[in-house]
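# Whatever this is, show me its structure:
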Amino acid sequence: MLTFCAAAIGTFGLSCDTLAQVQSSERSTLLSDLSECRAMPDAAVRLACFDRTADALDTAERQGELVVMERQQIREARRQLFGFSAPALPALFSRGGGGTDAEPEVDSLETTLVSAGQDHEGKWTFRLADGGEWRQIDSAPVRFQNRSGMEVRVRRAALGSYLLTAGKSRAVRVKRQ
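Numbering: from 1, shown residues only. Below is the predicted model of the structure:
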């Protein structure tokens with residue numbers, strides 16, 4: 001199943017303005033126009049409408065004004081964006097399927113540790129295999145075997161925070177960098 005996002009997204013370089021526009025708009029004008037073509041009683045007029053609208057959709061997609069994503073691409077984007085603050089992001093990725101088959105929210109991710117190091121304040125920064133970088137935000141001491149390839153789990157916690165567990169260590173409150 002495909003999902004349409006009517007916004008100039010680039011490589012997920014989303015601005016708050018873009019997200020607000022996407023969230024507030026019910027449906028792309030181009031998709032509404034396409035749906036209206038089906039209601040035309042005359043076959044020749046209907047075909048001309050479909051041709052015109054299909055051309056406009058194709059042009060918008062080529063120019064980056066309309067992005068077409070498959071459900072699997074959306075899942076991967078949600079996973080890669082896990083931990084970033086973007087309140088309107090769920091609205092962007094929930095369009096298309098709708099109803100009962102809507103994608104569940106990503107609540108945690110499991111990956112491996114690439115590297116970890118402490119800064120001058122003693123706070124840890126964790127670099128993960130999925131490309132994410134997480135920084136410790138609490139002041140609790142962190143005790144774990146710092147080795148590349150260690151299993152790491154990051155999960156949502158209370159009040160929009162995140163907890164990172166490396167191996168069997170205790171959870172550390174972190175923020176996505």
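# In the chain, what residue spans correspond to helices?
16-24, 29-38, 43-62, 71-81, 89-93 (DSSP state H).
# Of all these, which one comes closest to residue 149?
helix 71-81 (19.8 Å; Cβ to Cβ). Yep, even glycine has a C-beta here, placed from its N, CA and C like the rest.
# other SSEs contacting that closest one?
With contacts taken as 3 or more Cβ pairs under 8 Å, 6 or more residues apart in numbering; DSSP states H and E, helix 71-81 sits against strand 2-5, helix 89-93.
# Averaged pLDDT, the shortest one. What do you get?
It stands for strand 2-5. For strand 2-5, mean pLDDT rounds to 44.
# So what does residue 82 look like in phi/psi?
The phi/psi pair for residue 82 (degrees, to the nearest 10) reads phi -60, psi 130.
# Quick one: residues contacting it.
Going by Cβ atoms under 8 Å, 6 or more residues apart in numbering, residue 82 touches 106, 109, 132, 154, 176.
# same thing but 7 Å
Residues near residue 82 by Cβ atoms under 7 Å, 6 or more residues apart in numbering: 106, 109.
# gap between it and residue 28?
Remark: distance between residue 82 and residue 28 (Cβ to Cβ, to the nearest Å) = 26 Å.
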